[in-house]
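Enquirer: Return a 3D structure for these sequence lines:
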Amino acid sequence: MNIMRPIALAALTACLATPALAEERQETIYLNPFAGFQYFDDKRDLSETGTFGLGVEYRFTPHWAVEAVYSRADADRKDAPGSSDFDELRLDGLYYFAGQDEAWNPYLAFGAGHADFGDGPATVRTAGTNHDESRVNVGAGVRYNVSDSISLRGDLREFHGIDESTFDTMVSLGISFAFHRTVGEAAPADSDNDGVPDTRDQCPGTPAGAAVDSTGCEPDADMDGVADARDACPNTPEGADVDARGCELDSDNDGVVNSKDQCPNTTAGAEVDATGCEGVTETIETFEIEVKFPTNSSVIGDTYDDEIRRVADFLNENPETIVEIAGHTDSMGEADYNQFLSQRRAEAVAERLTGPLGVDPERVNAIGYGEEAPIASNDTAEGRAENRRVEARIQVRR
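Expert: Here you go, the predicted structure:
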């Protein structure tokens, strides 16, 4: 008969140790002290008696729980003097009809355990009252949640003693103390529904349906602060001031954007040249600069300073002149990208002029023409090679 005790303890330990397999759920552990009144089968020769106990309940899903219960009583004998001690350890399964967050939680219960009917003080051993016994039980009850942590529980249980085919009944009332935890992986919050959790979303208010990168921001290829989807000018130079459409500003409204405007405060309505200055600019000399860039790159070091110094020397000898550094590409690839690349390459040469070679930045203007001004056919490899060039156009303003 004593085999029920280790089985019950082992089953409870297994339930408590089983890892959560559901995705996300609330688990609750209840401490269930209770007091009840137990009616014993006539075969036991025991009077009805108060019963006290404690249950530890593990509610591992909203509807299922397992409970280990210890109960104790001291029952008077009916037909003989004295009393009999009663101890029971059992393991029960409970099925709830509602979740933990509902006020009323009715349930069904079933279980098995081991009961010990022992001698009381100064008694004589009587058949049916002094022995160990395995009992199974079924019942029902209801839990009423007073708050998240406190609830009341009423329980009606029918016990069947297997050894002597006895039937005992107990009604009980208890108070429960709950301890909750959420297990499983909760879906991270994503307020703007862009697929990037709020904890990593650097642009938390992107429009519905917008394509975003891993940071939750809309792509902005030219990094001008205007997303590609709304950028009317997708290849503005890095650092240029742009409007809400992603286009460079033209503060004096002369048709030349600020980054290329060498005369930023021309009179309204005045006729200006490509540099944004009034008057007519005449090109008097053109140097083709032999600079080789890595594929898809605009980076150069000091390797070509001797070549670029020819331009610096001419400017120093002719202080009335200015220079336009013009970048060109062949027609391979997208036209927008070619224009962007040619601008960056022109700026790279201009930076060598105004930096290490000491030319006044006011006299240097970098413009990328992309594939717009070929000097040879783009249908041949030789022609395309000629079109990939940087020119220095020495100019005089008349």
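Enquirer: The spatially most central residue of the chain: what's its closest spatial neighbour, skipping adjacent residues?
Expert: Residue closest to the mean C-alpha point of the chain, counted by C-alpha atoms, centre = their mean, is P197 at 3.2 Å. Spatial nearest neighbour of P197, excluding adjacent residues (C-beta to C-beta, 6 or more residues apart in numbering): P188 at 3.6 Å. All C-beta spots, glycine's among them, are computed from the backbone N, C-alpha and C.
Enquirer: show me the contacts for that neighbour.
Expert: P188 makes contact with P197, D198, T199 under the criterion C-beta atoms under 8 Å, 6 or more residues apart in numbering.
Enquirer: so what's it scoring on pLDDT?
Expert: On the pLDDT scale, P188 is placed at 76.
Enquirer: coming back round to it: the contacts of P188 into a markdown table, with extra columns for secondary structure and pLDDT?
Expert: Listed next are the contacts of P188 as a markdown table, based on DSSP: H, G, I helix; E, B strand; the rest coil; pLDDT from 0 to 100:
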| residue | secondary structure | pLDDT |
| --- | --- | --- |
| P197 | coil | 88 |
| D198 | coil | 84 |
| T199 | coil | 84 |
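Enquirer: Kindly tell me how buried W104 is, as a neighbour count.
Expert: Residues near W104, counting by other C-beta atoms under 10 Å, number 10.
Enquirer: can you pull the contacts of it?
Expert: Applying C-beta under 8 Å, 6+ apart, the residues contacting W104 are A98, V142, R143, Y144, N145.
Enquirer: before we move on, what about D194?
Expert: Contacts here follow C-beta under 8 Å, 6+ apart; on that basis D194 touches D201, T206, A210, V212, G216.
Enquirer: Drop anything exposed from the contacts of W104.
Expert: Applying 16 or more other C-beta atoms under 10 Å to these, the neighbour count classes A98, V142, R143, N145 as buried.
Enquirer: does the last one really touch A103, like I thought?
Expert: Yes. With contact defined as C-beta atoms under 8 Å, N145 reaches A103; the gap is 5.4 Å.
Enquirer: element containing Q100?
Expert: Q100 belongs to no helix or strand when elements are defined using DSSP states H and E.
Enquirer: my guess is it contacts T28, does it?
Expert: Yes. Contact criterion C-beta under 8 Å: Q100 and T28 qualify, at 5.6 Å.
Enquirer: Identify the contacts common to these two.
Expert: Shared contacts of Q100 and T28, defined by C-beta under 8 Å, 6+ apart, are found at R59, A178, H180.
Enquirer: Redo these as JSON lines? Include neighbour count.
Expert: Formatted as JSON lines, those follow (neighbours: other C-beta atoms under 10 Å):
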{"residue": "R59", "neighbour count": "24"}
{"residue": "A178", "neighbour count": "19"}
{"residue": "H180", "neighbour count": "12"}
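Enquirer: ok, so of those, who is nearest T303?
Expert: Nearest to T303 out of those is H180 (C-beta to C-beta; 69.0 Å).
Enquirer: residues making contact with stretch 151-160?
Expert: For stretch 151-160, the external contacting residues (C-beta under 8 Å, 6+ apart) are 30, 32, 34, 36, 105, 109, 135-146, 166-176, 178.
Enquirer: Can I get that stretch in PDB? Just the C-alpha atoms.
Expert: Only the C-alpha atoms of stretch 151-160 are listed here, as PDB (Å, rounded to 0.1, in the frame of the first residue of the first chain):
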ATOM      1  CA  SER A 151      -8.800  33.400  -4.100                       C
ATOM      2  CA  LEU A 152     -11.400  31.400  -2.300                       C
ATOM      3  CA  ARG A 153     -12.000  27.700  -3.100                       C
ATOM      4  CA  GLY A 154     -14.900  25.400  -2.300                       C
ATOM      5  CA  ASP A 155     -14.400  21.600  -2.900                       C
ATOM      6  CA  LEU A 156     -16.600  18.500  -2.700                       C
ATOM      7  CA  ARG A 157     -14.800  15.200  -3.000                       C
ATOM      8  CA  GLU A 158     -15.800  11.500  -2.900                       C
ATOM      9  CA  PHE A 159     -13.100   9.000  -1.900                       C
ATOM     10  CA  HIS A 160     -13.100   5.300  -2.600                       C
END
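Enquirer: Enumerate the positions of it that are buried.
Expert: Here stretch 151-160 shows S151, R153, G154, D155, R157, F159 as buried, counting by 16+ other C-beta under 10 Å.
Enquirer: ok, now stretch 195-202?
Expert: Buried residues in stretch 195-202, counted by 16+ other C-beta under 10 Å: V196, D201.
Enquirer: end to end, how far does that stretch reach?
Expert: 12 Å (C-alpha to C-alpha, to the nearest Å).
Enquirer: Which stretches in this protein count as helices?
Expert: Remark: helices assigned in the chain by DSSP state H are 4-17, 305-317, 335-354, 381-387.
Enquirer: between those helices, which has the poorest average model confidence?
Expert: If you rank the helices of the chain by mean pLDDT, helix 4-17 sits at the bottom with a mean of 44.
Enquirer: low-scoring stretches of this structure, by residue?
Expert: Where the chain drops to pLDDT under 70, the residues are 1-24, 119-130, 184-187, 279-281, 294-295, 397-398.
Enquirer: what's the biggest strand by length in the chain packed up against?
Expert: Scanning the chain for the longest strand, with DSSP state E as the assignment, gives strand 166-184. Applying 3 or more C-beta pairs under 8 Å, 6 or more residues apart in numbering; DSSP states H and E, we find strand 166-184 packed against strand 24-39, strand 49-59, strand 131-145, strand 150-161.
Enquirer: Tell me what angle the third one forms with strand 150-161.
Expert: This means strand 131-145. 150 degrees (axes from the mean of the first three to the mean of the last three C-alpha atoms, to 10 degrees).
Enquirer: tilt between strand 131-145 and strand 49-59?
Expert: 60 degrees.
Enquirer: S298 contacts F340, doesn't it?
Expert: No. Applying C-beta under 8 Å as the test, S298 and F340 come out as separate, 9.3 Å apart.
Enquirer: Thank you kindly, that will do.
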